[in-house]
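K.L.:
sequence and predicted structure are below.
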Amino acid sequence: MNAPAKKPPVVWDPLLRTFHWSLAFFFFLAYLFESDKLGMHSHAGYTVTLLVLFRLVWGFIGPRHALFTDFVTPPGQVYTYLRQLFYRTAKRHVGHNPVGAAMILTLLVSLLITAFTGMCLFAMEGSGPLVNTLVASWPGHVVEDIHEFSSNFTLVLIIVHVVGVLLTGLVHKENLIKAMITGEKQPDLDFPANRPDEPYHGQNT
């Protein structure tokens, strides 16, 4: 009698998956309600800020594949992986691949700039957590231009990210969107098993 097939291990933890989809939802909510400065836009913007701060903390104290030390790589490796992906020779990564890691860091920085400049604009209007700080006296038109640029830049990054996920999934023949919903990914069987407390082993170099 054949043994039942084992379920793939959970690579993306529940908090990371919740963060991922919540961030996408609240960013688009803030983007779509841009004119509603003191309503939906501001509430969604504050939520995005809290989510990004959570991800920064989780990048240092979270489980293995959530850690920055697990997936951040030098720019040279990012370029090499991108070139190999174009020729469909890129090695599969159980965790974030180098290009995905670079995209994560860029998105986090862009979102932080967007959130911070948004709070600066609220402060200039006499509201928000920065209202009694020095930023309230900054030139409003400059801050507004930066806020608008960074929000549009973030949108472009998200589109590129989705295209990259689809392309990577096509090359490696796996559904990466489903993996971020269930958290499950097939382990890399070309590498030896992890320690007993780690049920999977990913290649992240």
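P.N.:
Okay, I see it.
K.L.:
any stretches of the protein with poor pLDDT?
P.N.:
1-6, 37-38, 188-205 (pLDDT under 70).
K.L.:
longest helix of it?
P.N.:
Across the chain, the longest stretch assigned as helix under DSSP state H is helix 140-172.
K.L.:
which is the next helix or strand following that helix?
P.N.:
Note on helix 140-172: by DSSP states H and E, the next helix or strand toward the C-terminus is helix 176-182.
K.L.:
give me the contacts around that next one.
P.N.:
Val10, Val11, Trp12, Arg17, His20, Trp21, Val165, Leu166, Thr168, Gly169, Lys185 (CB atoms under 8 Å, 6 or more residues apart in numbering). In short, each C-beta sits where N, CA and C put it, glycine included.
K.L.:
how about these in a markdown table, adding neighbour count and distance to Ser127?
P.N.:
As requested, the contacts of helix 176-182 are exported to a markdown table (neighbours: other CB atoms under 10 Å; distance: CB to CB, whole Å):
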| residue | neighbour count | distance to Ser127 |
| --- | --- | --- |
| Val10 | 17 | 42 |
| Val11 | 24 | 41 |
| Trp12 | 21 | 37 |
| Arg17 | 16 | 33 |
| His20 | 16 | 30 |
| Trp21 | 11 | 29 |
| Val165 | 17 | 37 |
| Leu166 | 13 | 40 |
| Thr168 | 19 | 42 |
| Gly169 | 15 | 43 |
| Lys185 | 24 | 44 |
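K.L.:
list the buried residues in stretch 32-48.
P.N.:
Buried residues in stretch 32-48, counting neighbours by 16 or more other CB atoms under 10 Å, are found at Phe33, His41, Ser42, Ala44, Gly45, Tyr46, Thr47, Val48.
K.L.:
helix, strand or coil: sort out the residue most central in space within the chain for me.
P.N.:
Nearest residue to the geometric centre of the chain (CA atoms, centre = their mean): Ile104, 4.3 Å. Under DSSP: H, G, I helix; E, B strand; the rest coil, Ile104 falls in the helix class.
K.L.:
how much space between it and Phe60?
P.N.:
Between Ile104 and Phe60 the computed distance is 14 Å (CB to CB, to the nearest Å).
K.L.:
do Tyr81 as well
P.N.:
Tyr81 is 24 Å from Phe60, by CB to CB.
K.L.:
and if you look at Pro98?
P.N.:
On the measure of CB to CB, Pro98 and Phe60 end up 20 Å apart.
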